[in-house]
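Asks: compute the structure for the input listed below.
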Amino acid sequence: MKIVFVIPDMPGGGTERVVALLANEYCKRGLETAVLLFAGHETKYPLDERVEVVIAGDPSGGRLGVRIDRLRRMRQYYKKNKGCQIWAFSVMGALFSVIAAWGQKHFFLVSERNDPDRYDHKKIRNLAYRFADVVVCQTNDAVRAFPAGIARKAVVIPNPVEIRGIKPYEGVREPRIVAVGRLEQQKNHELLLHAFAEFGKSHQEYRLEIYGRGEREKALRKTADMLGITDRVIFRGFSDRVMEEINTAAMYVLSSDYEGISNSMLEAMALGIPVIATDCPAGGSRMYIKDGRNGLLVPVGEVNPMVEAMCRVADDSEFAASIGAAASKLREQNGTGQIADRFLQAADGTELHSGRY
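Replies: Residues are numbered from 1 along each chain as shown. Alright, predicted model coming up:
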């Protein structure tokens, strides 16, 4: 069996990290594995040398000719690899694969990576997903967002947590607040900046470190300047060692308006870092955080509750240590090997009855 992961590009992000972890795991097991990039050529996360990387095209910029050439290359690849399993980890990857593999026989798995209700072209997405044999969602709320015909073949599988070789920090935590994620509108880093500015009035020793790249960086820097916190906000960019770098931080904050499940949030929890997260759709935060026990949940888009949560963690070291310790138990539940098993079970049909919403 050959598994072909289909994704636009791998410039760094949660979905790309999951693909890299799964592809490497399957290679270790002796399974033939490929990653097909249809809109780029970056591979920021390390891939096993045995993983075949296929470049099927560059970003189209809306150009029809580029898309047609992309489809032609994808079709040639699928035809050459008869019977390969197509695992699409993006909506457009699913759509392009349906077209490119038309008339061929392939097992088709789609992994929904975000809040389905936030997608702008639901009819096109749902049409593509109807051709899938299995639709993998990250939460039960995500399954409920789909029409019955798609929901019937959905299975809930969370993200893998991969922090092998990194021990939870047991010393006095540094006065750093960290956030990890692409600098895009959905992540709502503006909320985090406003909350940090208010929090910083009484906690001037703290700094905010934001990891990730994206189109919003210039605007975010401008917001930080407007709030007068430029000297205490550091934009770290992309790092493939981000968990090592944030391990000693006082807290991790997720400010998103919506998410599937945040990989970095799960890994921060597994490292025992006190976590504050918005209770955003499609339910990934509340799926793992039990408010006040292993983390703190705050309403989406509201500054004051986030400030209060930051102050609670900063001012009560015993409470911070207790929620961090409780969260660290997550590392025992969602290892890469376990999640890789569940994807394979979804592919052979055994997961549908045990994991379906």
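
Asks: what residues sit buried inside the helix ranked longest in the chain?
Replies: Using DSSP state H to define each element, the chain has its longest helix at helix 64-80. Judged by neighbour count (16 or more other C-beta atoms under 10 Å), helix 64-80 contains these buried residues: 67, 70-71, 73-75, 77-78. Using the backbone N, CA and C atoms, a C-beta is placed for each residue, glycine as well.

Asks: same thing with stretch 221-231?
Replies: Quick answer for stretch 221-231 (16+ other C-beta under 10 Å): 223-224, 227, 229.

Asks: helix or strand for Tyr211, which one?
Replies: Taking DSSP states H and E as the criterion, the element that holds Tyr211 is strand 207-211.

Asks: please save the CA atoms from whichever helix or strand comes after that strand in PDB.
Replies: Counting by DSSP H and E, the next helix or strand C-terminal to strand 207-211 is helix 217-226. This file holds the C-alpha atoms of helix 217-226, laid out as PDB (Å, rounded to 0.1, in the frame of the first residue of the first chain):
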ATOM      1  CA  GLU A 217       2.900  40.500  10.500                       C
ATOM      2  CA  LYS A 218       3.100  44.100   9.300                       C
ATOM      3  CA  ALA A 219      -0.300  44.900  10.700                       C
ATOM      4  CA  LEU A 220       0.500  43.200  14.000                       C
ATOM      5  CA  ARG A 221       3.700  45.100  14.400                       C
ATOM      6  CA  LYS A 222       1.800  48.300  13.700                       C
ATOM      7  CA  THR A 223      -0.800  47.400  16.400                       C
ATOM      8  CA  ALA A 224       2.000  46.700  18.900                       C
ATOM      9  CA  ASP A 225       3.500  50.100  18.200                       C
ATOM     10  CA  MET A 226       0.100  51.800  18.600                       C
END
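
Asks: tell me the angle helix 217-226 makes with strand 207-211.
Replies: 170 degrees (axes from the mean of the first three to the mean of the last three C-alpha atoms, to 10 degrees).

Asks: who touches whichever strand or helix holds Lys123?
Replies: Element membership of Lys123 [criterion: DSSP H and E] is helix 122-129. By C-beta atoms under 8 Å, 6 or more residues apart in numbering, the residues outside helix 122-129 that reach it are 91, 94-95, 98, 110, 116, 119, 135, 146-147, 150.

Asks: make it 10 Å
Replies: For helix 122-129, contacts defined as C-beta atoms under 10 Å, 6 or more residues apart in numbering pick out 88, 91-99, 108, 110, 112, 116, 119, 121, 135, 145-147, 149-150, 153-154.

Asks: now the buried members of these.
Replies: Buried, going by 16+ other C-beta under 10 Å: 88, 91-98, 108, 110, 112, 116, 135, 145-146, 150, 153-154, out of those.

Asks: once you drop chain neighbours, what's closest to Gly93?
Replies: Val6 (3.9 Å; C-beta to C-beta, 6 or more residues apart in numbering).

Asks: CA atoms only: put the helix or strand that neighbour falls within into PDB for me.
Replies: Using DSSP H and E, Val6 sits within strand 2-7. The C-alpha trace of strand 2-7 is given here as PDB (Å, rounded to 0.1, in the frame of the first residue of the first chain):
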ATOM      1  CA  LYS A   2       1.200   3.500  -0.900                       C
ATOM      2  CA  ILE A   3      -0.100   6.500   1.000                       C
ATOM      3  CA  VAL A   4       0.000   9.800  -0.800                       C
ATOM      4  CA  PHE A   5      -0.500  12.900   1.400                       C
ATOM      5  CA  VAL A   6      -1.900  15.800  -0.600                       C
ATOM      6  CA  ILE A   7      -1.300  19.300   0.700                       C
END
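
Asks: any idea how far Ala321 is from Val300?
Replies: 27 Å (C-beta to C-beta, to the nearest Å).

Asks: how about Arg72?
Replies: 42 Å.

Asks: before we move on, the earlier item: contacts for the longest helix of the chain?
Replies: Residues contacting helix 64-80 (C-beta under 10 Å, 6+ apart): 4, 6, 34, 36, 38-39, 52, 54-61, 63, 84, 86, 92-93, 96-97, 99-106.

Asks: quick one: buried ones out of those?
Replies: Applying 16+ other C-beta under 10 Å to the contacts of helix 64-80 flags 4, 6, 34, 36, 38-39, 52, 54, 56-58, 60, 84, 86, 92-93, 96-97, 100-101, 106 as buried.

Asks: which of those fall within strands?
Replies: 4, 6, 34, 36, 52, 54, 86 (DSSP state E).

Asks: what's the farthest-apart pair in those?
Replies: Pairwise distances across these peak at 14.0 Å for Glu52 and Ile86 (criterion: C-beta to C-beta).

Asks: report the set of residues contacting both of the two.
Replies: 2, 4, 36.

Asks: could those go into JSON lines alongside pLDDT and distance to Val275?
Replies: Listed next are these as JSON lines, based on pLDDT from 0 to 100; distance: C-beta to C-beta, whole Å:
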{"residue": "Lys2", "pLDDT": "97", "distance to Val275": "38"}
{"residue": "Val4", "pLDDT": "98", "distance to Val275": "34"}
{"residue": "Leu36", "pLDDT": "98", "distance to Val275": "34"}
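
Asks: show me what contacts Ala219?
Replies: 183, 185, 189-190.

Asks: and which of the residues you listed is nearest to Arg207?
Replies: Distances from Arg207 to the contacts of Ala219, taken by C-beta to C-beta, are shortest for His189, at 15.0 Å.

Asks: surely that closest one is in contact with Gly181?
Replies: Yes. With contacts counted by C-beta atoms under 10 Å, His189 reaches Gly181, the gap being 7.9 Å.
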